[in-house]
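Novice: need a structure here:
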Amino acid sequence: MKAVEIRELTVKELGERIEAEKKLLLKQKINHAITPMDNPIKIREARKYIARMMTVLRQKELSEKK
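Specialist: Numbering: from 1, shown residues only. The predicted model follows:
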C-alpha cells in the first residue's frame, strides 16, 4: 500500500491495520526463527510499512488537535 492510500484511511482504520500488521510481523519473526524464510527482507518491509502507517496516524492525530 502506498503512502497516498494510507493517508486516505481514517484514524480508526489505521489503528486496526497497525495492530493486524504487528501481529503478522510477530508471526513472521517466530516462523523465521524456527524455519528460515526464503525472503527474510519481508520482515524489514513489514517493519517499514508499520512505521509508515504510524507516522500517518500521528500526523492525523496532530492535525485534529489544531
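
Novice: all contacts plus neighbour counts: C-alpha atoms, from now on.
Specialist: Noted.

Novice: quick check: T35 vs L26, distance?
Specialist: Note on T35: its distance to L26, by C-alpha to C-alpha, to the nearest Å, is 14 Å.

Novice: between those two, who's got more neighbours?
Specialist: L26 (12 against 9; other C-alpha atoms under 10 Å).

Novice: any idea how far the more buried one is from P40?
Specialist: In terms of C-alpha to C-alpha, L26 sits 13 Å off from P40.

Novice: could you do M53 as well?
Specialist: Counting by C-alpha to C-alpha - M53 and P40 are separated by 21 Å.

Novice: which one's more surrounded, these two?
Specialist: M53 (22 against 12).

Novice: so which residue is smack in the middle of the protein?
Specialist: I50 (2.1 Å; C-alpha atoms, centre = their mean).

Novice: give me the phi and psi for that residue.
Specialist: phi -60, psi -40 (degrees, to the nearest 10).

Novice: great, nothing more from me.
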